[in-house]
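A predicted structure for the sequence below; I have some questions about it.
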2 protein chains.
Amino acid sequence: MRDVGIIGIGQVPISEHWDLCLRDLGALAALRALEDAGTDRADAIFVGNMLAGELSGQENLATLIADSAGFLPIEALRIEAACAAGGAAVRAAYTAVASGAHDFVLAIGVEKMTDHLTDGITSALATAADADYEAGHGVSFVALNALLMRRYMHEYGSTHEDFAAFSINSHENAVHNPNAMYRMPITAEDYATSTVVSDPITILDSAAICDGAAALLLCPMDQAAAFPRQTIEIAASTVATDTLGLAERPDPLHWGAIDVSSHHAYEQAGLAGPADIDLYEAHDAFTIVSALSLEAAGFARRGEGVTLAREGRIAPDGDVPMSTLGGLKGRGHPIGASGVYQVLEVVQQLRGEAGPTQVKNAKVGMAQSVGGSGSVAVTHILKN
Amino acid sequence: MRDVGIIGIGQVPISEHWDLCLRDLGALAALRALEDAGTDRADAIFVGNMLAGELSGQENLATLIADSAGFLPIEALRIEAACAAGGAAVRAAYTAVASGAHDFVLAIGVEKMTDHLTDGITSALATAADADYEAGHGVSFVALNALLMRRYMHEYGSTHEDFAAFSINSHENAVHNPNAMYRMPITAEDYATSTVVSDPITILDSAAICDGAAALLLCPMDQAAAFPRQTIEIAASTVATDTLGLAERPDPLHWGAIDVSSHHAYEQAGLAGPADIDLYEAHDAFTIVSALSLEAAGFARRGEGVTLAREGRIAPDGDVPMSTLGGLKGRGHPIGASGVYQVLEVVQQLRGEAGPTQVKNAKVGMAQSVGGSGSVAVTHILKN
């Protein structure tokens, strides 16, 4: 396999983009990544997207973005793994470059959700769960995560308040990210009094519905020196899976896909374990996911994910910095695009361009994109 | 890049599978491919599917199939390129093996359409077209192809009858394929009197709605000799794109994606051109697509695709055998699965196991999966 690096990044600020259609959101991010890399060359694109079929009546999206960006007739395919679609697109781009099939490949994540706030978005998101055994019975995606959060509190004796620090940290960091959706800090009181969505999950436990697109330009490491920006190497790229239905798992509080994907990634990157990671962009779609991610990836013992947050260790100056540019909660979670934003933000950190929330001496960063309620995890470890 | 071969094939007969759900259809084909290869090892799966989100409320399908087949926690991702999703899954599996990321990889195509014959399948299929500029205005997918067929007849002075031989050949060959949906021959009179769907396209110009799943097990050529079945090498794997909207193309009768993808494939496989291909499994979703494919891929001059069919040259004993086991028209066209069935049938031909429609001395076969109205083409050339 060829070693692969990231030489360009591009993003659209996360917002409600009622004036931009799907194809243009994706193309805009792609062209910005090329501009950042100082080139106009893209040999192939892989597009991460989950909901265009349900919400916009549009499959075949990769071709459409290739057209909008002026890339025809290059290879263009869509990759889908529910909420992990963005990470999966990075994975596909990585594999294409590593294989030698292509030299310059864009991983693009794009999602457009806010045109549909009142018609069917909950049903659309529930397609990430098991249609026959979960969604078909009326369980929404947030309800599944609420069941998990309740179970966590029951098993470990933790309280809803224990999760506050995840949300507060994400919002605190998002303040300094010009591409984030929620650039406002929140207090412990805001968190405690937030409206319940699905008990015990409140609005401030949940990443919001939004529109966004991000892109990365990958190329072989041995061709990267010719480009102006510092190359960030992809030291590991892994995917692992678990049952889609929560009820099928012997232990729903252990997210096996994250465990396997993370530990394969440590090995692939030549790391001893999570202690070698300088920042961790986890899939904080809900605060419970942050806790379970920290535990499954080996940063915390079972039941102690919330402790790391409460003790301030997930802040940019802590020993396990998380959501350093706002994460899914603060920056926003355009479903199939989030995984690309996560890798992009690790690149910003490893370039030393993360601004006020820069992690000091960041050398190794991990981005992890999760689909379903822990049913698929895509992990990338980057090095500068 | 590592050389890649196919060591196992598995399929579910195409039919109306009201007793099998999506996950089990996919898993069944996967397990049959492993059985054919005499192994139980799969390191990753790539699933081609277009419509599960729209028709079954199910994204995240690859994880679900990995679970149903007993493969957890391996890598499992879905690949989508509208009707070319099956070919795209083969492409992704090929790249994963070629890169060295995995050794034993399943390409799986699966689609379940017949539960939804009366509610929304036309809308679901229209998501392969441009949602903003085509489908949004009420043009169905068959209507787009009808416009193309009418234009072809106008430009080249051909008649509807000129397309009959494509459909007759597909049905003739499907008779001998135990996995085909329509195992009955049709006559020129049947074709001439067939019910119009979208003028000039009739039922007998169109591949039918159906359920199906097929799978291939790929591994590096240098590990293939350990397995019992004859290894078929993937000599080329290419993807090319064109505009999604037909109206955007300067010449809608020239399918550029097929042209580029085919000619890249000839080059990659070390062939002089189409004359070196012993059989061509084209994407015969409509008879007009067969004609345009033959022309864009270089088997026929502009306007002469229909001539090849009329002269009997596309029969198994002709010089350009097509749809040798029924093609999309006769075998059936379960959208995201068709591309895998096509490659599988080329494997059957190159193994010499195609039965009464065996192409004599078949050494090199081409399978081509097309998404949208020619907007993306995925081409594989196989050698025995």
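That came through fine.

point out where the stretch 251-384 of chain A drops to low pLDDT.
By pLDDT under 70, the stretch 251-384 of chain A has no low-scoring segment.

what does it put close to chain B?
Of all the residues in the stretch 251-384 of chain A, those in contact range of chain B (C-beta under 8 Å from any C-beta of the partner chain) are A:256-257, A:260, A:371-372, A:375-376. Using the backbone N, CA and C atoms, a C-beta is placed for each residue, glycine as well.

so A:A213, which of the three states?
Three-state assignment for A:A213 (DSSP: H, G, I helix; E, B strand; the rest coil): strand.

and whichever residue of the stretch 51-200 of chain A sits closest to chain B, what is it in contact with?
Among all residues of the stretch 51-200 of chain A, A:S99 sits closest to chain B, at 3.3 Å; criterion: C-beta to the nearest C-beta. For A:S99, the contact set (C-beta atoms under 8 Å, 6 or more residues apart in numbering or on different chains) comprises A:1-2, B:1, B:95-96, B:98-101.

please apply the same query to A:P13.
Residues counted as contacts of A:P13 (C-beta under 8 Å, 6+ apart) are A:178-181, A:212.

taking the residues of the stretch 251-384 of chain A next to chain B one by one, which sit in helices?
Using DSSP state H, the members of those that fall in helices are A:256-257, A:260.

for the contacts of A:S99, which one is nearest B:E248?
The shortest separation between B:E248 and any of the contacts of A:S99 is 28.8 Å, and it belongs to B:T95 (by C-beta to C-beta).

and whichever strand or helix holds the closest one with helix A:85-99, angle?
B:T95 is located in helix B:85-99, with elements delineated by DSSP states H and E. Here helix B:85-99 runs at 50 degrees with respect to helix A:85-99, directions being taken by axes from the mean of the first three to the mean of the last three C-alpha atoms, to 10 degrees.

now do helix B:85-99: distance to the chain's middle.
Its chain's C-alpha centre and that of helix B:85-99 lie 14 Å apart, by C-alpha atoms, centre = their mean, to the nearest Å.

give me the next element, helix or strand, following it.
Reading on from helix B:85-99 to the C-terminus, the next helix or strand found by DSSP H and E is strand B:105-112.

so that following strand versus helix B:85-99, what angle?
The directions of strand B:105-112 and helix B:85-99 differ by 170 degrees, with the same axes, to 10 degrees as the criterion.

OK, contacts around the residue nearest the centre of chain A?
The residue at the geometric middle of chain A, judged as the C-alpha nearest the mean C-alpha position with C-alpha atoms, centre = their mean, is A:G339 (3.1 Å). Remark: with contacts taken as C-beta under 8 Å, 6+ apart, A:G339 is in contact with A:48, A:84-90, A:109, A:367, A:369, A:378.

what ranges do the helices span in the stretch 51-200 of chain A?
Listed from the start of the chain, the stretch 51-200 of chain A has helices (DSSP state H, counting those that start in this stretch) covering A:52-56, A:61-68, A:85-99, A:121-125, A:141-156, A:164-174, A:188-192.

mean confidence for the longest one?
For helix A:141-156, mean pLDDT rounds to 97.

which other residues reach that helix?
Applying C-beta under 8 Å, 6+ apart, the external contacts of helix A:141-156 come out as A:122, A:125-126, A:128-129, A:134, A:158-160, A:163, A:197-201, A:205-206, A:246, A:252-253, A:285-289, A:291-292, A:302-303, A:306, A:373.

skipping adjacent residues, who's closest to the residue of the stretch 51-200 of chain A closest to chain B in space?
For A:S99, the nearest residue in space outside its immediate sequence neighbours is B:S99; the separation is 3.3 Å by C-beta to C-beta, 6 or more residues apart in numbering or on different chains.

if we can go back for a sec, which of the contacts of helix A:141-156 fall in strands?
In strands, judged by DSSP state E, the following of these are found: A:197-198, A:201.

run through these and flag the ones next to chain B.
Restricting the ones in strands among the contacts of helix A:141-156 to those near chain B by C-beta under 8 Å from any C-beta leaves nothing, as none qualifies.

show me the beta-bridge partners of A:I201.
A:S198 (DSSP bridges).

what residues are up against it?
Taking C-beta under 8 Å, 6+ apart as the definition of contact, the neighbours of A:I201 are A:142, A:145-146, A:149, A:286-288.

okay, strands next: where are they in the stretch 201-350 of chain A?
Listed in chain order, the strands found in the stretch 201-350 of chain A under DSSP state E, counting those that start in this stretch are A:201-202, A:211-220, A:232-241, A:279-281.

pLDDT of stretch A:8-28, averaged?
Along stretch A:8-28, the predicted confidence averages to a pLDDT of 97.

for B:I79, see how far away the residue nearest to A:S123 when sequence neighbours are not counted is.
Once its chain neighbours are removed from consideration, A:S123 has its nearest residue in B:G57; the separation is 7.2 Å (C-beta to C-beta, 6+ apart). Here the distance between B:G57 and B:I79 works out to 20 Å (C-beta to C-beta, to the nearest Å).
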